[in-house]
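> test case, fold it:
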Amino acid sequence: MKTNFKSLSDSTADDWQIIISEQMKFMSGLPDRILEHMKLLENDYGGFPIDRLQHCLQTAESAAEDGRDDEYVVCALLHDIGDTLGSYNHADVAAVILQPFVSEANHWMVKHHAIFQGYNFFHHLGMDRDMRDRFKDSEYYDYTAEFIAKYDSPAFDDSKPALSLDLFAPVLRKVMTEPRNSLYKEALDRSQ
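Alright, predicted model coming up:
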């Protein structure tokens, strides 16, 4: 079903009932679209010892094995999803995708993880490895530094058996079922 207006300024409340109904169907498929997009990271080595998908899976696996909650594990899984479309700002892309579904701390961690990861290699590129220190006053500084040290940085182990994205599909679907931070949340809640 679709509406029949030429400009949003001509739309009606009835039109928006149709649009919301159709959008709800589309939005329910978000976890599956994200899983499909993650597959684009497969066989993308970018010079690393393992492909970007396995890096994300190893990061998530380590977080899960360490007892992190589902939301944190999903952040670990998706932290580099932006590598395909945001090659120059991948952390921002991942953070925007996750923002409706995660806490402020986890959103901040994903958004800033590239700068924090830079501590491990920026000096090899002639960059300031201490760039992360501009965020020293953030309440999430230590939280993000820990994510890098414990999960992101060590997740390049080419001796580990390949992991399957299917392992994390249920937890991703669980976390990304219902947004808690969205401009449209109130309207979506009313329509259900």
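> the nearest residue to residue 46 once chain neighbours are set aside: how many residues sit nearby?
Closest residue to residue 46 apart from its sequence neighbours, by Cβ to Cβ, 6 or more residues apart in numbering: residue 52 at 6.6 Å. Where you see a C-beta, it was placed from the backbone N, CA and C, and this is true even at glycine. Neighbouring residues of residue 52 were enumerated by other Cβ atoms under 10 Å; the total is 21.
> does residue 52 touch residue 79 like I think?
No: in this structure residue 52 lies outside contact range of residue 79 using Cβ atoms under 8 Å: 10.6 Å.
> low-scoring stretches of the protein, by residue?
Along the chain, the model assigns pLDDT under 70 to residues 185, 187-188, 191-192.
> any chance you could map the helices in it?
Using DSSP state H, the helices of the chain run over residues 13-27, 30-38, 52-65, 70-78, 90-98, 104-117, 141-147, 169-175, 185-191.
> now those helices as TSV including distance to residue 161?
Formatted as TSV, the entries for the helices of the chain read as follows, by distance: least, Cβ to Cβ, whole Å:
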stretch	distance to residue 161
helix 13-27	35
helix 30-38	18
helix 52-65	10
helix 70-78	17
helix 90-98	25
helix 104-117	24
helix 141-147	24
helix 169-175	18
helix 185-191	40
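> for these, which one ends up most surrounded?
For the helices of the chain, the largest average neighbour count (mean count of other Cβ atoms under 10 Å) is found in helix 70-78, namely a mean of 25.
> quick one: list the elements packing against that one.
With contacts defined as 3 or more Cβ pairs under 8 Å, 6 or more residues apart in numbering; DSSP states H and E, the packing partners of helix 70-78 are helix 30-38, helix 52-65, helix 90-98, helix 104-117, helix 169-175.
> pipe those helices into a markdown table and attach distance to residue 133 per row.
Converted to a markdown table, the helices and strands packed on helix 70-78 look like this (distance: least, Cβ to Cβ, whole Å):
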| stretch | distance to residue 133 |
| --- | --- |
| helix 30-38 | 32 |
| helix 52-65 | 23 |
| helix 90-98 | 17 |
| helix 104-117 | 10 |
| helix 169-175 | 31 |
